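In: Quick check, what structure comes out for this input:
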Amino acid sequence: MKLHSPAFEKALKRGAKEAIRRSPELKREARRANRSFRRHYKSGWLVRGMFSLLVGACSAGIASQRGHVPAALAFVNLWTFAWVFFRVQLLIVALYQSSDLQAFSFLPIEKSELFRWELQKFYRGSLMSLLDLVAGFGAVALFSNSPTALTVVIPVAILGWGAMLAVVMLCGARWPRLPYVQISMFIIFAALALLFGQNLVGSWLIETLQRFAIPLNVLLPTGWAPSLFLFAMGSHDWTLALLLIPIGAVLSTKPSSLARLRRRYEFKELVYGQAPDLLPAEVSEESVAVTEPGVGPLRVDSDAITPIVRTHLFPIVAPWRERGWMEKILWRWLSPREYILAEFVFPHGISILPGWKKNFRNAGITCLAALVAELILPGAEGWVLTIGFGVTAVQVMGRLLTSGIAFRRVRSSGLDMPFYANYGIGFRELSRFLLKYTAVQIPFLILIWLLCGGFYAYMSHMPIGFGLEMSFKAAGLMIALRCVFMTLSFSSGINENIRLRLRSLVVLAVLLIFGGLFFGLAIGGLFQPNVGLSWLLWSLALVDAYVLLAVYGWFYNGRWFDLMITPRR
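Out: Purely as a prediction, here's the structure:
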């Protein structure tokens, strides 16, 4: 099937223009649509292009201020490596959650054709990563005044872009269930923390890049192309040229990854079968009854409904409160209205203890691995602890800040609405329930952070009290992130994000001011050398996060927002 016909598109545009010229009403609508088109599509590429310019500016700044070209290339390496997780997530979304899949589901299209169509869209979006590499390598080449480097900017950038795509395909095909969303969120918050705390940790970060620039560029797959670029700039370390071998090996995995993705790709035309709760013809309605709580009856007529209602069993919910003692505590804390809300947000029930057992297990494995690394390879225990505890922190964030299906978008007649808005659930009751869900897990959060922080301080030969203090502060900031996350979750499901009005500017200003203030206070609370001032800044960061949620709730309840997201034209 041919999904795109230039001749048909040209004829359709010509006919539409002729119809618009004959109608004044259509002319006015066309002018409004053209303004909307420019705002939604062209501005998006412009904003993303600004990030590429930022990569070039940061690379040139690191190379010019410190005179350390490998550190600048290490920055490009880390930027590209961070985008790997975003690209894997975008690949999965393009293949399985694209907005046009619903339309294609009603067409007799082959699965291979649809896979190719969605993959092309992913490739077009990934071109911005190629622009990032060109900007980074170009800035370093201009700073170094190397004619050879300028000539190899484009080839090395294309090679690095191809290696990044191969890694993305490999992760998407082999490990699609890794927590890419949580890792991406962790990267975003780390970047914001560095942005607002650059006066405190900026020089330390650049010094760290200078110390570990070469190992980072050699160990990470996204750093092999920057290492080759360093070799092209005149580095006399001929071993860097050997990185062509692992680059070729990674590129060679792309065909097999694509084949695996194509083989596992499932797409079928929507065919609605018979409802599973219809009563078979050979079964009498009088014999139907509910025997177990949570088991719904088959669909019957009104004469058989009365005996079912008299059993008082049909509205009983699944007993998730019996899964553990933490679930029981949460159940006793909830109101009758929140019982139903809990079943809505978590349709499969709430499970707290099993996830935290896995988190403590992973933290214990990390501690044991660090002890073994200290015996076998002294100096490597710091990397083991950083990576292991970083993964544990991402898992803890995913469990602590989850919102179930509450903010999932539902499309109806071309309009998107948040899932909670379809059932008359208010801002205050949903946010209160999610805060309770987070608050009941605070003891586990503080305990795991104290254990990890104390062990990290012990292995790093730092004061144990300092490690425990930093861990407690980090746990408190993670609790405050629940308010920030809820604000962003509510904000992602409103129509004001795509309308340029005074109200939109006011809400955007509130989000930027309070959000930026939160990250600035959080960085100050963690790294301020004055103990009393650091605790004051930390406390103000917690208050700021709650005030952000409360102010946004005031806007929400004041009917500033439209919860029906109109499609972009």
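In: May I have the secondary structure class of residue 417?
Out: Here residue 417 takes the strand state, with states given by DSSP: H, G, I helix; E, B strand; the rest coil.
In: thought it was touching residue 423?
Out: No. Between residue 417 and residue 423 there is no contact under Cβ atoms under 8 Å: 10.4 Å. C-beta here means a position set from N, CA and C on the backbone, and glycine is covered the same way.
In: Between the two, tell me which one has more neighbours.
Out: Shown here are residue 417 and residue 423; by other Cβ atoms under 10 Å, residue 417 has more neighbours (17 against 10).
In: If the more buried one is in a bridge, with which residues?
Out: In this entry, residue 417 is beta-bridged to residue 410, by DSSP bridges.
In: Return the backbone torsion pair for residue 404.
Out: phi 60, psi -130 (degrees, to the nearest 10).
In: tally of neighbours for it?
Out: Counted with other Cβ under 10 Å, residues neighbouring residue 404 total 18.
In: what residues are up against it?
Out: Residues near residue 404 by Cβ atoms under 8 Å, 6 or more residues apart in numbering: 345, 346, 347.
In: Could you rerun that using 6 Å?
Out: 345, 346 (Cβ atoms under 6 Å, 6 or more residues apart in numbering).
In: what separates it from residue 375, distance-wise?
Out: 44 Å (Cβ to Cβ, to the nearest Å).
In: same check, this time on residue 110
Out: Relative to residue 375, and taking Cβ to Cβ, residue 110 is found at 57 Å.
In: likewise residue 98?
Out: Distance from residue 98 to residue 375, by Cβ to Cβ: 50 Å.
In: Now name the helix or strand holding the residue nearest to residue 169 when sequence neighbours are not counted.
Out: With sequence-adjacent residues excluded and distances taken as Cβ to Cβ, 6 or more residues apart in numbering, residue 169 is closest to residue 257, at 3.8 Å. Element membership for residue 257 (DSSP states H and E) is helix 244-264.
In: roughly how far out does that helix sit from the chain middle?
Out: Put simply, helix 244-264 sits 25 Å off its chain's centre (Cα atoms, centre = their mean, to the nearest Å).
In: Also stretch 435-452?
Out: On Cα atoms, centre = their mean, the centre of stretch 435-452 falls 22 Å from the chain's centre.
In: Can you pull up the most central residue in the protein?
Out: Centroid check for the chain by Cα atoms, centre = their mean gives residue 181 as the closest residue, at 3.5 Å.
In: thinking again about what came up before, would you confirm that the residue nearest to residue 169 contacts residue 172?
Out: No. Counting by Cβ atoms under 6 Å, residue 257 stays clear of residue 172, with 7.2 Å between them.
In: Report the buried residues of the host helix or strand of residue 483.
Out: Taking DSSP H and E as the definition, one finds residue 483 inside helix 464-491. Buried residues in helix 464-491, defined by neighbour count with 16 or more other Cβ atoms under 10 Å: 467-471, 473-487, 489-491.
In: Between helix 464-491 and the helix or strand following it, find me the angle.
Out: Remark: after helix 464-491, the chain's next helix or strand is helix 502-527, criterion DSSP H and E. Per axes from the mean of the first three to the mean of the last three Cα atoms, to 10 degrees, the angle that helix 502-527 makes with helix 464-491 is 170 degrees.
In: Just the mean pLDDT for the helix holding residue 483, thanks.
Out: For helix 464-491, the mean per-residue pLDDT is 87.
In: And for stretch 153-170?
Out: Computed over stretch 153-170, the mean pLDDT rounds to 90.
In: Name the residues that touch that stretch?
Out: The contact list for stretch 153-170 (Cβ under 6 Å, 6+ apart) reads 80, 84, 87-88, 129-130, 133-134, 137-138, 141, 221-222, 225, 228-229, 247, 250-251, 253-254, 257.
In: phi, psi of residue 179?
Out: Dihedral pair for residue 179: phi -80, psi 70, per degrees, to the nearest 10.
In: Name the nearest residue to it, sequence neighbours excluded.
Out: Nearest to residue 179 is residue 398, by Cβ to Cβ, 6+ apart, at 5.6 Å.
In: now residue 62
Out: In space, residue 62 is closest to residue 72, 4.3 Å off (Cβ to Cβ, 6+ apart).
In: Could you pull out the buried residues of the helix or strand encompassing the one you found?
Out: Element membership for residue 72 (DSSP H and E) is helix 69-96. Buried residues in helix 69-96, counted by 16+ other Cβ under 10 Å: 69-92, 94-95.
In: name the helices or strands packed onto it?
Out: Secondary-structure packing of helix 69-96 (3 or more Cβ pairs under 6 Å, 6 or more residues apart in numbering; DSSP states H and E): helix 43-66, helix 111-144, helix 153-174, helix 180-196, helix 198-219, helix 224-232.
In: Mind checking what helix or strand follows the helix or strand of the chain with the lowest mean pLDDT in sequence?
Out: Of all helical and strand segments in the chain, the minimum by mean pLDDT, DSSP states H and E falls on helix 302-310, at a mean of 59. The first helix or strand that comes after helix 302-310 along the chain, using DSSP H and E, is helix 325-333.
In: From the chain's centroid, how far away is that next one?
Out: With Cα atoms, centre = their mean, you get 29 Å for helix 325-333.
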